[in-house]
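A.B. asks: Okay, here's the prediction I keep looking at, along with the sequence it came from:
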Number of protein chains: 2
Amino acid sequence: MSERFTNLAVRSQLSAIGQRSETVRRANLSAIVRELHLRGPLTRSSLVVRTGLTRSAIRGLVGELVEGGLASEAPGAPLGTPGRPSSRVRLDPDRAVAIGLEISVDTLAAAVVGLGGVVQARERVARPRAHLSVDEIVGDLAELVGRIWPIGLPTTAAVGIGVAVVGIVRRSDGLVTLAPNLGWRDVPLAERLRGVLDVRAPISVANDADLGALAELRRGAAAGYEDVLFVSGEVGVGGGLILGGRPLTGAAGFGGEVGHLPVNPLGVPCGCGSVGCWETEVGERALLLRAGHAPDEGRDGVEAVLREADAGSPRALAALENVGRWLGRGLAGLVNIFNPRLIVLGGLLGRIHPYVDHTLEDSLDHFALPAPRALVRIVPARLGVDAPLLGAAELALDPLLADPASWLRPRSAVAVPASA
Amino acid sequence: MSERFTNLAVRSQLSAIGQRSETVRRANLSAIVRELHLRGPLTRSSLVVRTGLTRSAIRGLVGELVEGGLASEAPGAPLGTPGRPSSRVRLDPDRAVAIGLEISVDTLAAAVVGLGGVVQARERVARPRAHLSVDEIVGDLAELVGRIWPIGLPTTAAVGIGVAVVGIVRRSDGLVTLAPNLGWRDVPLAERLRGVLDVRAPISVANDADLGALAELRRGAAAGYEDVLFVSGEVGVGGGLILGGRPLTGAAGFGGEVGHLPVNPLGVPCGCGSVGCWETEVGERALLLRAGHAPDEGRDGVEAVLREADAGSPRALAALENVGRWLGRGLAGLVNIFNPRLIVLGGLLGRIHPYVDHTLEDSLDHFALPAPRALVRIVPARLGVDAPLLGAAELALDPLLADPASWLRPRSAVAVPASA
């Protein structure tokens, strides 16, 4: 079930009991805020339809959100139909914001995203692919946040900080256990960031592909899908899996490392210590080497290969064909295991998708089981390179979405007659 | 969350509202019946502890189950402590039974399992490995059910029929879309069985490895675990995945086909049409061929290889070592993707586990990412060859476990004084 349907299910069970209680009120506020966050401003009538709550319940709950400062109501545009234009409820993007941060192999990025998904500021800076120290990276991120923080916005508006990192993360405490392409092992990233950031808010760290999947699910190519495989590639290849509407994390949050599927016993050593992992065949280095480039040319090198392919270079075309074939082989295995409806390709893999899509579909036809094969579509990520960054901000907003009641401003004191 | 904890969560949210309602009553009856089904007879005090319900709620609900014919109460054995021995609540294994059926590559099996997991009858018969027609197989199964059905038990006691089949199944209607080792494609198995079975009850069909996983989770090596990978091998290799306490099925129930991970691009053709799938390296045929046997010698051949290994045959030992190494490589990839706490090896793979465990652990050390590797244990299946059969019966009991209230005998009419 999707997040939305899960909410509805719990709520309908609760409301079947016909009991107005604190639990029900909080769950209903959460359902409304989630709808507004994911879909943007909505009329009260739409909220009635989408949440299954009664008109009068919506009126009362929206009133609470407005009074508590999380939302406002404004007249909507006339729809060309007779009668008053219906007013629309919108979340206040300045009242609660999240900071999204991203540490990728060759860039650092930061964004400030308001409730409702409004990106108020974002910046991405290149960083050398050398193994920078953790101190340098967290220092650069802190500086980046200071630079993009909107003038006039109090830092108390930040409800959370989410961090996407190209590595394997223990989510419970934000420990990066392994990030081969950063040269990191057991880095307590959440703790280190806490030491340098000026903003005080809870810090959540997660794998970049997992967060890319979250963003594509909420605001991108996978919106509305419940069984999605997000595969993102640069130097490494990561996966984010949504199964039945819920992210796959595994027992300790280490799940989803599809880049380390063993696909080639005669392959080359992988950064993880194994040999012939999928990412050694479909990652950036494999493409560059096969196309006759140096393996460390990075994104610029990849763009050069694509230009060569556009110009008809047989070597570039063969390199893409080869990567496409390996990509299809690995995806076939994942289709057999997960039976997803949609595969979203992010990063490098999304970039090369138009060049390899025929090879890819053909490989799936050959290597995947017919039944799950017939059900799956492959599309490039819609949010492009920023998917993990926006997913990090979404992650940071999750506690508020789950229980917005805790973020409402207290009601103004009402004088009660002493004689009542 | 495990099934049990999911129940508790819903229930506590509901009971927080302090409302006795039909919904709450049904959920609570379900929680009690599940506990008794999974753990066997329990005292009322244990039910209080395990369900979180109050003593008086347990008294009333157990009373309903006893009156409705699903349970009975009998004095327990004295515990050596002063005071009355506490009476124990047990489910009536004759009131509601499930029929489990299994179609494997070289056997057919049937079992009658009572509520509470009591196996009342079971039989397994060899069948030739030729491609029997669907008619022959469903006919044989119907005959098997007739043969083992307990004398005196009315067929109305059957609440459901579960079928484990070595193939890819669309669960919604029991269509076997592909079973290469049976030579089947798009066989409407549920419908065909309905035509020949004397017992009238809903028929559910699922993949044998999925059902093996279910049985091991409820009554075997994985009891109490929430993130489990069950890998079972004979000719083919299937997987059952439990993630966060819930089975992975994929968008249409085709998920879990771990045997068709592409692990060897230079490997041999697989029954599925692809090349170098994992099952071509770790299935029965691979072991037999490498050990110098004919690939179609089946279970007897495997036992012969193990006897040769016991006697120190270098060729048998090398064949096992080779299968163990491939097994470890594939499991490493699955550990990287799923981050499970436990891997349960069933069928052939459970049988050879004592011979390959060192190779296996060593391969995992080399090929899996250190963080998820450190968390996982590998054990053989505890229910042995019957795991899928027992899982089929569990599947058939699920609707009753979810809502036992529907199976209660109506209360005897109570005379109400007309003047009241």
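C.D. replies: The structure has been received and is ready for your questions.
A.B. asks: Next up, the contacts around A:A405.
C.D. replies: For A:A405, the contact set (CB atoms under 8 Å, 6 or more residues apart in numbering or on different chains) comprises A:25-26, A:29-30. All C-beta spots, glycine's among them, are computed from the backbone N, C-alpha and C.
A.B. asks: Among these, name the buried ones.
C.D. replies: Buried members of these, counted by 16 or more other CB atoms under 10 Å in any protein chain shown: A:29-30.
A.B. asks: Dump the contacts of A:A405 to JSON lines, plus distance to A:I378 and pLDDT.
C.D. replies: Listed next are those as JSON lines, based on distance: CB to CB, whole Å; pLDDT from 0 to 100:
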{"residue": "A:R25", "distance to A:I378": "43", "pLDDT": "87"}
{"residue": "A:R26", "distance to A:I378": "40", "pLDDT": "89"}
{"residue": "A:L29", "distance to A:I378": "38", "pLDDT": "93"}
{"residue": "A:S30", "distance to A:I378": "34", "pLDDT": "93"}
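A.B. asks: From the contacts of A:A405, which land in helices?
C.D. replies: Counting by DSSP state H, the contacts of A:A405 place A:25-26, A:29-30 in helices.
A.B. asks: just to revisit the earlier point, among the contacts of A:A405, which are in reach of chain B?
C.D. replies: Contacts with chain B within those, counted by CB under 8 Å from any CB of the partner chain: none were found.
A.B. asks: ok, which stretches of the stretch 201-350 of chain A are helices?
C.D. replies: Under the criterion DSSP state H, counting those that start in this stretch, helices of the stretch 201-350 of chain A are mapped to A:208-219, A:278-282, A:284-290, A:298-310, A:314-338, A:347-367.
A.B. asks: Then the stretch 51-200 of chain A?
C.D. replies: Taking DSSP H, counting those that start in this stretch as the criterion, the stretch 51-200 of chain A carries its helices at A:55-67, A:134-148, A:189-196.
A.B. asks: residues in the stretch 251-400 of chain A within reach of chain B, list them.
C.D. replies: Counting by CB under 8 Å from any CB, the residues of the stretch 251-400 of chain A that sit close to chain B are A:251-258, A:260-266, A:272-275, A:329-330, A:332-333, A:336-341, A:366-372, A:375.
A.B. asks: Over to the stretch 51-200 of chain A?
C.D. replies: For the stretch 51-200 of chain A, the residues in contact with chain B (CB under 8 Å from any CB) are A:168, A:170, A:177-178.
A.B. asks: Need those in CSV (columns: pLDDT and distance to B:G224).
C.D. replies: Compiled in CSV, these are given as follows (pLDDT from 0 to 100; distance: CB to CB, whole Å):
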residue, pLDDT, distance to B:G224
A:I168, 86, 26
A:R170, 86, 22
A:T177, 89, 25
A:L178, 87, 29
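A.B. asks: Mind giving me the ChimeraX select for those, buried ones only?
C.D. replies: Buried subset of those, written as a ChimeraX selection, criterion 16+ other CB under 10 Å:
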select /A:168,170,177,178
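A.B. asks: Around A:E216, how many other residues sit close by?
C.D. replies: By other CB atoms under 10 Å in any protein chain shown, 30 other residues sit near A:E216.
A.B. asks: actually A:P265, not the one I typed
C.D. replies: Applying other CB under 10 Å, I find that A:P265 has 17 neighbouring residues.
A.B. asks: cool, and the one 5 residues further on?
C.D. replies: Here the count is done by other CB under 10 Å, and A:C270 has 21 residues near it.
A.B. asks: Return the residues in contact with the closest residue to it other than its chain neighbours.
C.D. replies: For A:C270, ignoring the flanking residues on the chain, the nearest one in space by CB to CB, 6 or more residues apart in numbering or on different chains is A:C277 at 4.0 Å. With contacts defined as CB under 8 Å, 6+ apart, the neighbours of A:C277 are A:259-263, A:267, A:270.
A.B. asks: Select, from these, the two members most distant in space.
C.D. replies: Within the contacts of A:C277, two members stand farthest from each other by CB to CB: A:G259 and A:G267, at 12.8 Å.
A.B. asks: quick revisit: tabulate the ones in helices among the contacts of A:A405 (TSV), appending distance to B:G69.
C.D. replies: Compiled in TSV, the ones in helices among the contacts of A:A405 are given as follows (distance: CB to CB, whole Å):
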residue	distance to B:G69
A:R25	41
A:R26	41
A:L29	44
A:S30	42
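A.B. asks: Mark out where each domain of chain A begins and ends.
C.D. replies: A:3-92, A:97-211+A:386-404, A:222-382 (automatic domain parsing).
A.B. asks: any idea which of those is most buried?
C.D. replies: Here the criterion is mean neighbour count by mean count of other CB atoms under 10 Å in any protein chain shown, and of the domains of chain A the winner is domain A:222-382, at a mean of 22.
A.B. asks: Let's see the distance spanning that one from one end to the other.
C.D. replies: 9 Å (CA to CA, to the nearest Å).
A.B. asks: Measure how far it is from the centre of its chain, please.
C.D. replies: Distance of domain A:222-382 from its chain centroid, counting by CA atoms, centre = their mean, to the nearest Å, is 18 Å.
A.B. asks: Who are the contact partners of A:L400?
C.D. replies: Shown in contact with A:L400 (CB under 8 Å, 6+ apart): A:33, A:96, A:115, A:159-160, A:406-407.
A.B. asks: give me the element it is part of.
C.D. replies: A:L400 is part of helix A:387-402, with elements assigned from DSSP states H and E.
A.B. asks: Name the spans of the stretch 301-420 of chain A whose pLDDT lies under the cut-off.
C.D. replies: In the predicted model of the stretch 301-420 of chain A, residues A:411-420 satisfy pLDDT under 70.
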